[in-house]
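S.K.: Fold the following, please.
(one chain, ligands or ions: 1)
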Amino acid sequence: MLPKKTIALDLDSVLADVMLIWVEEYNIVFHANIRKKDIFDWHIHNVLPISKNQISELFISVWKNRWRDIPPTSNDVSKVINGLMEQGFRISIITKRERVTMPFVSYWLDLHKISFNDIIFIFDDAPKSCFPFFLLVDDSPINAKEIMFPKRIVVFDQPWNRGLESFPRIMSLNQLFSLL
Ligand SMILES: [Mg+2]
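M.R.: Residues are numbered from 1 along each chain as shown. The predicted structure is shown next:
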């Protein structure tokens with residue numbers, strides 16, 4: 001039996017639209033009025049008057065305290081993933097994050113009935129490119145640039161990655177079907 005081809009999916013801002021809630025929390029804490037679309041740079045500290053530490057703390061707090069409010073990037077995410085599995089692909093969720101957020105990620109995946117074959121939590125600086133997959137869907141410009149042939153990258157459209165012009169891009173997960 002041939003091994004099934006693995007599609008790797010990033011979690012934050014590919015499956016989970018976490019930055020919608022992150023900006024809500026940012027606005028509360030910093031008495032601001034920004035929207036997700038205002039974050040046009042991957043390095044948030046280049047856009048907002050906030051330190052890298054504060055960015056990370058806010059991110060952790062969103063996952064710990066508001067994970068139930070984080071919407072999927074579209075309401076068919078679970079259906080799309082089931083469809084990919086029915087087509088014979090393995091689904092690997094690969095997510096770089098602070099360990100303290102790990103349980104809330106699994107609660108969130110259960111809440112939204114998202115199936116997957118495995119999940120990789122990266123706690124160090126290991127690049128995603130060293131994990132086994134043939135195609136990665138990610139919103140990070142840094143991860144996108146690290147993926148080398150024969151591996152493939154599909155950029156998930158977000159305001160902070162619009163500068164990446166030479167990569168295949170999807171606006172929602174169901175657009176992946178047309179690229180396989
Ligand atoms: Mg991401």
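S.K.: what does this structure have sitting close to the ion?
M.R.: Counting by Cβ under 5 Å from the ion, the residues of the chain close to the ion are 10, 12-13, 139. Placement of C-beta: from N, CA and C, glycine included.
S.K.: and which of those residues is nearest I147?
M.R.: Ranked by distance to I147 (Cβ to Cβ), these are led by D10 at 11.7 Å.
S.K.: Identify the bridge partners of the closest residue to that closest one other than its chain neighbours.
M.R.: In this structure, D10 finds its nearest non-sequential neighbour in D138, 4.2 Å apart by Cβ to Cβ, 6 or more residues apart in numbering. Assessed by DSSP bridges, D138 has beta-bridge partners V155.
S.K.: For the residues of the chain next to the ion, I'd like a selection string for PyMOL - just the buried members, please.
M.R.: Buried subset of the residues of the chain next to the ion, written as a PyMOL selection, criterion 16 or more other Cβ atoms under 10 Å:
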select buried, resi 10+12+13+139
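S.K.: returning to that earlier point: pLDDT at the residue nearest to D10, what is it?
M.R.: We have a pLDDT of 98 for D138.
S.K.: wait, it sits on I7?
M.R.: No - under the criterion of Cβ atoms under 8 Å, D138 makes no contact with I7, lying 11.5 Å away.
S.K.: got any residues that touch both of those two?
M.R.: Overlap between the contact sets of D138 and I7, as judged by Cβ atoms under 8 Å, 6 or more residues apart in numbering, is nil.
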